[in-house]
Each structure stands twice: as C-alpha cells, then as structure tokens.
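Asker: Fold the stuff below for me.
(one chain, ligands or ions: 1)
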Amino acid sequence: MNEAAADPRPIVALVAHDEKKADLVAFCRTHSQELSRFRLVATGTTGGRIAEALPQLEITRLKSGPLGGDQQIGALIAEERVAAMIFFVDALTPHPHDVDVKALMRLAILYDIPFALNRASAELVLKADGA
Ligand SMILES: O=C(CO)COP(=O)(O)O
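Answerer: Residues are numbered from 1 along each chain as shown. Predicted coordinates:
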C-alpha cells in the first residue's frame, strides 16, 4: 500500500459477501464514473470480480476477507485513511469469519465513517460523498 501516499484521492473500501458480489459489480458498473473519483480498495475476491467486469476502474486488492482482508480494511480505517465503506452483506448465510466482519463494522462505527451495508444505503453514501 505504499502507493497510497502518492494518491491523494480519498479511499472508498468495497466488500461483498459471495452471494452479493454480482450485486456489487452491478452497483459499481452503474456508478463507475463517480467511483473513479476515489481510490478504490477491496477485499481480494470482491476486487477481482470488480476488476474483471470493469477493467477501467483502478482497484487495489487486499487479501480475501476470510484470510484477513476485512482486518486489513479495518486497519486502514483505524489509520483514518478510509472516507467511506460499501459492504454488501449477505444476511442469509453464516460466515466462518463473522468475528472479522463484526470487528470491521465496529471500527467503521468507532471512527465514524459512512458505511453502507446494502445497495439503497450505498446509493446515499456515494451521493453524500460528493461523487
Ligand atoms: O468475506 C468477505 C467479507 O467478509 C469478502 O472477502 P472476499 O472479497 O475475498 O470474498
């Protein structure tokens, strides 16, 4: 993440559980112009899916969520480098790394960053961030 210092754009973190990845890709397609004004950082698989579908969007991929990617985004939040987070949550499936997800949300709350857990909220967050 050394390139972060050279990129002055505020970070938007993008995450989606497996069953919601297609929805997040669709959201990113609809809002690709607005999103390109931010530095996009995503968990591994989510970032891969977005990059594959929308190669024009520059995106930094961290580790996969269950392998520490959620915690890496949490660390960026704790370093006060994240302007907003969009996390499409699958509310119907249990996840083995649920503690990581909870920790990530806790940091987003603690550091008072706007974060959206579904599409309707993501639309509002993106609008409110001046995109
Ligand atoms: O599991 C996730 C969020 O908790 C997302 O991680 P991936 O993008 O690697 O699937």
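Asker: May I have the residues that are in contact with whichever residue of the chain sits closest to the ligand?
Answerer: Of all residues in the chain, residue 65 sits closest to the ligand, at 2.3 Å by C-beta to the nearest ligand atom. All C-beta spots, glycine's among them, are computed from the backbone N, C-alpha and C. Residues in contact with residue 65 (C-beta atoms under 8 Å, 6 or more residues apart in numbering) are 15, 17, 43-46, 97, 100-101.
Asker: would TSV of the residues you listed with neighbour count be doable?
Answerer: Formatted as TSV, those follow (neighbours: other C-beta atoms under 10 Å):
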residue	neighbour count
15	27
17	21
43	27
44	17
45	20
46	29
97	17
100	20
101	18
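Asker: does the residue nearest to residue 39 when sequence neighbours are not counted sit in a helix, a strand or a coil?
Answerer: Of all residues not flanking residue 39 in the chain, residue 9 sits nearest, at 4.3 Å (C-beta to C-beta, 6 or more residues apart in numbering). Recorded secondary structure, residue 9: coil (DSSP: H, G, I helix; E, B strand; the rest coil).
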